[in-house]
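Chemist: Below are the sequence and a predicted model; questions follow.
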Amino acid sequence: MTNIRANSVSQIDDGTPSAQGSITIENVSKSYGETEVLSNVSLSIGSGSFVTLLGPSGCGKTTLLRLIAGFIEPSRGQISIDGQNVNGIPTQKRPIGMVFQNLALFPHFTVYENIAYGLKLRQISSKEIEFRVGQFIELVGLQGLGERRIAQLSGGQKQRVALARSLVLEPSILLLDEPLSALDLQLRKQLQFSLKDIQKVLKTTFVFVTHDQEEATLMSDQVVVMSAGEVQQIGSPQSIYERPETLFVSKFIGEVNELAGTVRTIKGDMLEIDTAIGLISLPKSTAHGLVAVEGAPCVVCLRPEKLMTLPTGSSAAAGRISFDGVVEDRLALGPMIRNTVRCKNLKLISLTMTGNDANSLHTGDHCSVQFDAENVQLFSPLTGDLALAFGERE
Amino acid sequence: MNTGEPFSPSKALMILPVLILLGLFFGSVIYLFSNAFTAGDGFSMKYFQQIIDRPDYIVVFIRTIIASVIVALLAVILSYPIALLLWRADKWRNMLLIIVLVPWLVSLVVRTYGWIVLLGTKGFINSMLIWIGVIEDPLSLMFNDLGVIIGLTHVLIPFAVISILSSLLQIENNLEEASRVLGAGPVQTFRYIVLPLSLPGAFTALIVIYLACIGAIVTPILLGGLSQKFVGSQIYQEVMYAFNMNKAAAWSICLLALSFLSLVILKKIERRVLRGQE
Amino acid sequence: MPRMNRSLKLLGIILLCALPAPIFIVIGASFNGGAYIQFPPESVSLRWYLEAFADPRWLDAFLTSFWMAAVTAIITTAVSFLTAYYVLRYAPRIASMLEIAIFSPLFFPHAAMGVALVALIAELGLLGRAPGIILAHLIVVLPFSYRPIYISLRSIDPDLMRAANVLGASEWRALKDIILPMCRSGILTSLLFSGIISFDEVTVTMFLIGPEITTLPVQIFTFIQDRASPVLAAISTISVIVTFLAVLILERVAGLAFFVQRDSSA
């Protein structure tokens, strides 16, 4: 699967460029009895994009996927595929494919029969079936394994069968429900790239569900961060990382230093925040969803790589905020060094490139901690997700 | 638990009881053979000759085989809707399972007695039909092959339900959903996915039920009477009325041979049908 | 989970209800006041129950069946436990062979088994005596007792036993403190399941009874052949109640999952 030959795919795509595959979700809610697992979700997925639904377990991402698949119907709201309302349309009549978390391969069929099943249901001539299955077996790199039983395959091979089985029907949308979660790290990495490559070639809309933010960042054009049945933020992996709109997103995507504080004064465009490490002045533009009132509680967030640890006495550039600290621990992570710095009573994490200034620091040294005000994210603690307080519920 | 500790002779005493029981069982089988093949003091095929020479005995065998095949097929087919019902009934499954298990475990004589009460000349069905006025003279529902087939089928359905249900419960959660995503409607999903995957259980049921039928005694005697003999009732008569243990043993050997042969054939069919599964 | 086709569901419900129907007919008939079973029932009365209790033969047969079922259940469960424990811990290689031997009576036609056992038990001088019947029952119920115990023992992580040993427990202590409690549902299933089968066994037992001893099902069988008096319905109802209670207890203490659990090795 790693070496896809574009020409073999262009034959398959022959004449029917998949311009379809857009999904619109409007105010969709889903409840089971009293519990609402999805509330008022609106989302639009463009044709041919790779979209990831990301969130901790129980956030509703799988429910949303199953709604699109038609296994369940929304309690309220509407789902449209290619502009057509699909509410009430049974799964088998929707232009979708799906790769399940447990893969759901048919154990009594061979690899070939699994891939051919959907084509047979469509009463395509056996010659045509043979041709198309052959192409997709090659596309996913399972040459020579067509007659194998599912039980005789390795984890990665099963994955490829599941993918080929869905793709051979040329759905305009492919739903993937954490399909890589059962694999070991190395295989997982390998398949992440393969999936991305295949998606680029086939231009099928991929809707991928995962709880792994790294996987989401790596693969998607668009990430939909979900929590407690609501969409928290939609955006490119980069924008979600750099400009999180809620405290939840900020904490869920990547590592973050968190400082609890209070708004002390508001001076024009600047806010003065009282935190455990001291007074910080921030431009109002850093505040997301925070009603800046004097005395309001807030959370100051800062990515570790935006936090510089420098030897004491290093002069701070203009506009840079600086505090004194002590290096408590240094961990070499290859290209990066992870410093744990104590500022007053708080532990902060900073990541610096190996070979930078901070390299000269040692555990126990006094240091200067510096950051640019524009790199700070300021949130109201109230918009934070309670779920996160208990850690990721896996 | 499988620790594979080294062999220890003193610990081997733990399997002594089971070896004694199995020894007694296999000993009894050897006894059966020696009884069947001995007349007077030496080896003899006399009793087998007596069986083979009687055309009415051959009829008994054929009747037993045909009835058993019918019962086995009927029981498996009728069990499918029940097994599917239990499979789908997530929350209620345990309660429904009791409805299946209790008739299975209630004594064979009691269940057969129930059918006598139902099917007898003065039984429930006849009395009711006469009372309603549908018939004037009672129908003969019992003391014929029909009665035996009804009785045996009813007696053995619970086993088939349990066997098929256990196969159904082994089907992985998402297979049906996967089939639907690939474009199959409910009927096609049943035909191509659910049915083939439940066949191992259905075959187990078919084989066990068939074997139980050809060796059945109680139901054929009570519902078939002594005129419509099955192999089981013939053996019973040989032991209880004729006191001819040797001939009963010869009958038993024939029955054993029949079940062994049937088992081989059924296993062959099973392998062909389930070819490649697992 | 997808919904079931409505007509198929209805058929399933009808067939399911048909399973216990003959039993309900028997129960209904036992309260019939008339001399023979009829429809519509003549009157409601308990006379057949009174008649059954008045006849000491029925009480004797019931008690015999009951205590023999208890003895059979206890012995066979102990035998199965020892066997399964030994095989899994010390001789996993003979497991499948022994299993085939233990399950072989299941594929042995009952009629032939009756004839075989009657010859053996007569030879042992136990014909028409309780030990002979119990011995036959032990052979008949062994597979039903071995399976639940083997399955529940096998599911215990072998490292638990090793961990107990490392912590200083002797084999006996580890068995008592770790294995037995974890195997509880298997043992209870074995006890009740084999007890029920022994209590209700008739095909093999009827060859082994004698003038001194008979079991409840065999007594019912003999009486049906003689004349189908409604007293049989009363007796049958009592037998159904015993079985039903045993199944209920089984459901309470160990659950019924065992019955629909498929074991690849069996």
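Modeler: Received it, and whenever you're ready, just let me know what you need. Numbers count the residues shown, from 1 in each chain, chains lettered A, B, ... in the order given.
Chemist: quick one: contacts of stretch B:142-150?
Modeler: B:63, B:67, B:70-71, B:74, B:115-116, B:119-121, B:123, B:141, B:219-220, B:223-225, B:227-228, B:230 (CB atoms under 8 Å, 6 or more residues apart in numbering or on different chains). C-beta here means a position set from N, CA and C on the backbone, and glycine is covered the same way.
Chemist: Determine the three-state secondary structure at residue A:347.
Modeler: Under DSSP: H, G, I helix; E, B strand; the rest coil, residue A:347 falls in the strand class.
Chemist: contacting residues for the residue of the stretch 51-200 of chain B found nearest chain C?
Modeler: The minimum distance from the stretch 51-200 of chain B to chain C, using CB to the nearest CB, falls at residue B:114 (2.8 Å). Neighbouring residues of residue B:114 by CB under 8 Å, 6+ apart: C:21-23, C:25-26, C:236.
Chemist: Spell out which parts of the stretch 101-250 of chain B neighbour chain A.
Modeler: The stretch 101-250 of chain B has residues B:172-175, B:177-185, B:188, B:192-193, B:196-197 near chain A, with proximity defined as CB under 8 Å from any CB of the partner chain.
Chemist: hmm, which of the residues you listed are the buried ones?
Modeler: By neighbour count, with 16 or more other CB atoms under 10 Å in any protein chain shown, these hold B:174-175, B:177-184, B:188, B:192-193, B:196-197 as buried.
Chemist: of these, closest to residue B:164?
Modeler: residue B:197 (10.8 Å; CB to CB).
Chemist: Hmm, that closest one is touching residue B:167, no?
Modeler: Yes - Residue B:197 is within contact range of residue B:167, at 6.8 Å (criterion: CB atoms under 8 Å).
Chemist: Let me see the confidence value for the residue of chain A found nearest chain C.
Modeler: Closest residue of chain A to chain C, CB to the nearest CB: residue A:71 (8.6 Å). Per-residue confidence (pLDDT) for residue A:71: 88.
Chemist: show me what contacts the residue lying closest to it once chain neighbours are set aside?
Modeler: If the residues on either side of it in the chain are set aside, residue A:71 comes closest to residue B:177, at 5.7 Å by CB to CB, 6 or more residues apart in numbering or on different chains. Taking CB under 8 Å, 6+ apart as the contact definition, residue B:177 lies against A:69, A:71, A:91, A:98, A:100, A:104, C:2.
Chemist: Okay, now the sheet partners of the one helix or strand the fourth one maps to, with direction.
Modeler: Just to be clear, that refers to residue A:98. Assessed by DSSP states H and E, residue A:98 sits inside strand A:96-99. Using DSSP bridges, strand A:96-99 pairs in its sheet with strand A:173-177 (parallel).
Chemist: which SS class is the residue nearest to residue A:76 when sequence neighbours are not counted?
Modeler: Computed as CB to CB, 6+ apart, the closest residue to residue A:76 that is not its neighbour in sequence is residue A:29, at 4.4 Å. Three-state assignment for residue A:29 (three-state DSSP): strand.
Chemist: residues near residue A:29, how many?
Modeler: Counted with other CB atoms under 10 Å in any protein chain shown, the neighbours of residue A:29 add up to 16.
Chemist: Stretch B:135-142: end-to-end distance?
Modeler: 16 Å (CA to CA, to the nearest Å).
Chemist: same thing with stretch A:232-244?
Modeler: Start-to-end span of stretch A:232-244 (CA to CA) is 9 Å.
Chemist: which of the residues in that stretch are buried?
Modeler: By 16+ other CB under 10 Å, the buried positions in stretch A:232-244 come out as A:232-235, A:237, A:240-241, A:244.
Chemist: out of the residues you listed, who's nearest residue C:144?
Modeler: For the buried residues of stretch A:232-244, the nearest to residue C:144 is residue A:232 (56.3 Å; CB to CB).
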